[in-house]
Each structure stands twice: as structure tokens, then as C-alpha cells.
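> fold the following, please.
(one chain, ligands or ions: 2)
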Amino acid sequence: MTTTRTLDRTGPPAAGHRRPPGFVARWRARRAERDAWAAHHVFAQGITAEFREACTALRLCQYVSVAAGLTVRTPRVGAVHGGPPITLTVELMAGQEPGDFTSRENGPRLAHSLGGHGLRVETLASRWVRLIVLNHDPLRDSFGLPSLAVASGSEPVILGRTEDGITLGDAIADAGHIAVQGQNGSGKSALCYGLLSQLAAAPDVLVAGSDITGLLLGRAWDGTAHRAHQVTGTHHLEAHAVLLEDLVAEMDRRLATIPPRRDKIEPTPATPTVLVVLEEAPGLLRAADSLPKPKRGEGVPVAERIRTAVLRLLSEGRKAAFRVLMLAQRFEATAVGGGYARDQFALRLSFRVPADSLEMLHGTDARALGPEHANAAPGITYLSGLGRDCQRIRVPYLGDYGEYVDRVQQHGRRVQP
Ligand SMILES: Nc1ncnc2c1ncn2[C@@H]1O[C@H](COP(=O)(O)OP(=O)(O)OP(=O)(O)O)[C@@H](O)[C@H]1O
Ligand SMILES: [Mg+2]
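Ligands and ions are numbered 1, 2, ... in the order given. Below you'll find the model as predicted:
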């Protein structure tokens, strides 16, 4: 025994063998542990006090009348973890729901009181929830869209990522018509680059439409089966009216041939879902409005033809597997073919817009979100539809324009010989 001890002190320790710590070292470790616990306890008490104060201020509490007067009961805090991110387990009080902490009115205020940017809530067992204090905007970082293409319009395409980190997808065959608004450079076209590149290969999807800019549709689609159903530029505005009228004629043909015992067309490669893209729709209408009007009895003005066709596609297209994807800087009724046309969009996305534009497309519920969203970074949008309340998401970004062209050329469905 003695010999072994002597060897231990002089030679290097054997592999896997640790010398037992001396008394002083053990005492120091215990004390450090105690100090850490004490610090954590103080921290947890501080956070709990801040949480309770915030709950009182936001009326996430109950007032109980007792002999001594009125007391305030706030949700019980079970445990606090220092993080990052800081998390609190909280017991809901009677009548409370997890969403009460993260609602539009309470969420940001509660988060700011706790020194964070936002809050996420996770339901635990029974009436307990976990509140996670987010240190920074979860949508701050952009996320790339891998080069993928769906094999059918009934497969979901990636729309964006929510503040909870959930990737939202939706199948174009299920979605209603889609409205996208946003100021110059807010990310409307980039969203569509992502959507259209994912749909380019599907045999039961046809990407048709009108694009006066000629960037979203047109040249990028040369050589694909979709190109013949796209019109670009402002040189020949009547071609836009002709294309949209042809699409309406196809819609009427489909509606007249819906099989018995069916109330809608099932998309197939022979009758694909037609995605009618209307890039810069108000610009197209403005340009068409500026054309000389035909004399009375000599035909209908081009702008009127476009408005009528778009309205018909919007109001009757869904059953015939037609989906309209309209882009505008602002969805003002007069700019997009009337209030009735605007009401037909089931899925609505607003990139950076002034507060009144946000409310115009998403309703009065979105009023409180307006001031902050008016300065949103490119790629951040509010989405309503898909059975969700107005929700903030970040859309994927596939890179520069050349990447979009490459993906469409790589995946784009070719004409069958
Ligand atoms: N999801 C995104 N993530 C990161 N950056 C983005 C995203 N979307 C757009 N951007 C940036 O914003 C720029 C402008 O985007 P985009 O061309 O899509 O805007 P827009 O709304 O179509 O504008 P305009 O009304 O002028 O056509 C892009 O070149 C890109 O740098
Ligand atoms: Mg654009």
C-alpha cells in the first residue's frame, strides 16, 4: 500500500485514474456549487417577481377578495432555467389558456418585461406550460430554399417558417387564390421565385399568367411546357387580355365537363391545376387603362377585358382547378379589379407595407401589427389563411435571380414530343 502511494505522488497517473481531490479542492468545489445555486436562486426569484408584476400589469391575474382586502393572484411559477434562452414553467390559472401569454396584446409586453424579444409557449402536462423567452427575433436570419421540386400539385410547397420554427407548407391544389402585397424591394418576387421553382416540374401543374416585368415569367421559362401560357412585357397589352380570356374559356370548358357526382375538377396531367400568376397586376391595369379607348360599338377596352377575365377566374376558377397568384404593391380595391376581386383571396401575404395597407388585406385584427411591420426586413411577411390567424413568417430565399432561372431550367417540365 505504502509503495503504491509513493508511486502515485511522483509518477504520472495511470490512464483513466484520477487522483482523489484534496480537502481544500473539495471544499472549493462545494462552495462554488453553493454559490452557483445561490446566484441561480436570486436570479429565479428576480425573474419570478418580474413575471408576476408583468402579469398583474397585463391583467393575466385574478383579484381575490379576502378579509384583509383585495389580493392579486398571479400564475404560479414552478421552475426557472437561466438558459439561454430563459425558460419558466408556469401553472395556468382557472380560465387561462397558453395563448393568453403570447397573444398579440400580451406577448411582446410580457417578453420585454422579462428582458427578451418575444415569447414562445409549450404545453406541458396538465395545466402547466413552459414559457421560453426569445432573445432575438426568430425571423431575423434568412433561410435558404434547397433545390427541390414537387412531383405533384397535391404535395406541399414550402411557404415559409413561423416564429415557432415550424416550416409552413401548402399544396397548390388545396390552396385558394393567393394575394401578395408589399412595397418595392420587400420580397414579393423572391417569394414567387421559390414557389414557382418548386412547382415547375409537377406534371399536373401549369404555370401560366401575365408579367409586365418579364422577370418572374417569360424568358426564364423558355423551353418549358409552361412558356406558351405566359405573356410578358407592355408592348402588346392586348396579348395579356387574349391570354386571360383563353384561360377563362378553358375554365368554362372544364366547368361544363365536370364528371357526374363530382363538384370540382381533380387535377391530372391532362387537366392540370393552372396557376395564373399576375405579377404587378395594378401596373398591367394602369398600362391597359392608358391605351386609347375603342370607339363606341367597336369592341371592349383592353383594361376592361383584363378586369372581367381576372374577376371570372377569381370567382369561378377554384372548382375548375384554377388558382390565381396576384402580386401588387398595395391591394387597393381600385388597383386590383375591385373589392369583390380582393375578397376572393383565401391566402393573403403582406411583406413590408404601411399600416393601413396591412389592415386593408388582413382586416382590423392586423391593426396592432401595422407600425412594426411597416419597417420589416425583406422576406418577412404576415400571412393569413390556411386556418391560421394573421401570423408573421419568413419566406425562404433561393439566392440571386440566376439561381431561379437555373432551377426553372433544370426542373421545368418540358413539352411532350
Ligand atoms: N426571403 C428573403 N430573404 C432575404 N432577402 C430577401 C428575401 N426576399 C427578398 N430579399 C432581398 O430583397 C430584394 C428585393 O426582393 P424582391 O425583388 O423580391 O422585392 P419585390 O417586392 O418583388 O420588389 P418590387 O416591387 O420592386 O418588384 C432581393 O434582391 C433580396 O436581396
Ligand atoms: Mg418584384
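> without its sequence neighbours, what residue ends up closest to the closest residue to ligand 1 within the stretch 201-350 of the chain?
Proximity of the stretch 201-350 of the chain to ligand 1 (C-beta to the nearest ligand atom) peaks at Q329, 5.7 Å away. Where C-beta positions appear, they are placed from N, C-alpha and C, glycine not excepted. Leaving out its chain neighbours, the residue that sits closest to Q329 by C-beta to C-beta, 6 or more residues apart in numbering is Q183, at 5.9 Å.
> my understanding was that the residue of the stretch 201-350 of the chain closest to ligand 1 contacts A281; is that so?
No. Q329 lies out of contact with A281 (C-beta atoms under 8 Å); the separation is 9.9 Å.
> look through the chain and state the residue closest to ligand 1.
Closest point on the chain to ligand 1, by C-beta to the nearest ligand atom, is G379, at 2.5 Å.
> pull the number of nearby residues for the closest residue in space to that residue that isn't next to it in sequence.
In this structure, G379 finds its nearest non-sequential neighbour in G187, 4.5 Å apart by C-beta to C-beta, 6+ apart. By other C-beta atoms under 10 Å, the residues close to G187 number 25.
> got phi/psi on H177?
phi -70, psi 150 (degrees, to the nearest 10).
> for it, list the residues it contacts.
If you count contacts by C-beta atoms under 8 Å, 6 or more residues apart in numbering, H177 has them with L314, G317, R318, R323, V324, L325, M326, Q344, F345, A346, L347.
> now do the helices in the chain.
With helices called from DSSP state H, the chain shows them at 2-10, 23-57, 99-102, 107-113, 188-199, 237-256, 281-289, 302-316, 339-343, 355-362, 370-373, 401-411.
> correct me if wrong: G214 contacts T234.
No. With contact defined as C-beta under 8 Å, G214 and T234 do not form a contacting pair (9.1 Å).
> output stretch 178-189 as PDB, restricted to C-alpha atoms.
Output of stretch 178-189 as PDB, limited to C-alpha atoms (Å, rounded to 0.1, in the frame of the first residue of the first chain):
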ATOM      1  CA  ILE A 178     -53.200  33.900 -53.200                       C
ATOM      2  CA  ALA A 179     -52.700  37.600 -52.800                       C
ATOM      3  CA  VAL A 180     -49.200  39.000 -52.200                       C
ATOM      4  CA  GLN A 181     -48.600  42.700 -51.400                       C
ATOM      5  CA  GLY A 182     -45.500  44.600 -50.400                       C
ATOM      6  CA  GLN A 183     -43.600  47.800 -51.100                       C
ATOM      7  CA  ASN A 184     -40.700  47.900 -53.600                       C
ATOM      8  CA  GLY A 185     -38.000  45.500 -52.700                       C
ATOM      9  CA  SER A 186     -39.900  43.900 -49.800                       C
ATOM     10  CA  GLY A 187     -39.600  40.300 -51.200                       C
ATOM     11  CA  LYS A 188     -42.700  39.600 -53.300                       C
ATOM     12  CA  SER A 189     -40.900  38.300 -56.300                       C
END
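> show me which positions of it end up buried.
Judged by neighbour count using 16 or more other C-beta atoms under 10 Å, the buried positions of stretch 178-189 are I178, A179, V180, Q181, G182, Q183, S186, G187, K188, S189.
> near ligand 1, list only the ones from the residues you listed.
Among those, the residues lying close to ligand 1 (C-beta under 6 Å from any ligand atom) are G182, S186, G187, K188, S189.
> spatially nearest residue to G99 (excluding sequence neighbours)?
V121 (7.2 Å).
> list the contacts of the one you found.
P98, G99, F101, T102, V129, R130, L131, I132.
> apply 10 Å and report the result again.
90, 97-102, 107, 129-132, 164 (C-beta atoms under 10 Å, 6 or more residues apart in numbering).
> my guess is D356 meets R330, correct?
Yes. With contact defined as C-beta atoms under 10 Å, D356 reaches R330; the gap is 9.1 Å.
> higher neighbour count, the two?
Shown here are D356 and R330; by other C-beta under 10 Å, R330 has more neighbours (17 against 12).
> tally of neighbours for the residue nearest to that one when sequence neighbours are not counted?
In space, R330 comes closest to S357 once its chain neighbours are excluded; the distance is 4.9 Å by C-beta to C-beta, 6+ apart. Per other C-beta under 10 Å, the neighbour tally for S357 reads 23.
> any idea how far S357 lies from G99?
27 Å (C-beta to C-beta, to the nearest Å).
> and E122, by the same measure?
12 Å.
> which neighbours do these two share?
The overlap between the contact sets of E122 and G99 (C-beta under 10 Å, 6+ apart) consists of V129.
> if we can go back for a sec, is it true that the residue nearest to G379 touches A376?
Yes. Here G187 reaches A376: they are 9.0 Å apart, a contact under C-beta under 10 Å.
> between those two, which contacts overlap?
With C-beta under 10 Å, 6+ apart, G187 and A376 have common neighbours F351, R352, R394.
> which one of the residues you listed has the most neighbours?
If you rank these by neighbour count (other C-beta under 10 Å), F351 sits at the top with 25 neighbours.
> quick check: phi and psi on it?
Dihedral angles for F351 - degrees, to the nearest 10 - are phi -80, psi -160.
> my guess is it contacts G160. True?
No. Using C-beta under 10 Å as the test, F351 is too far from G160 to be in contact (11.1 Å).
> excluding its backbone neighbours, what's nearest V310?
In space, V310 is closest to G337, 5.3 Å off (C-beta to C-beta, 6+ apart).
> quick one: contacts for the one you found?
By C-beta under 10 Å, 6+ apart, the contact list for G337 reads 278, 281-282, 285, 303, 306-311, 314, 326, 344.
> if we go to 6 Å?
Residues near G337 by C-beta atoms under 6 Å, 6 or more residues apart in numbering: R307, V310, L311.
> with G46 instead?
Contact analysis of G46 by C-beta under 6 Å, 6+ apart lists nothing.
> lowest average confidence, helix or strand, in this structure?
The weakest-scoring helix or strand in the chain, judged by mean pLDDT, DSSP states H and E, is helix 2-10 (a mean of 40).
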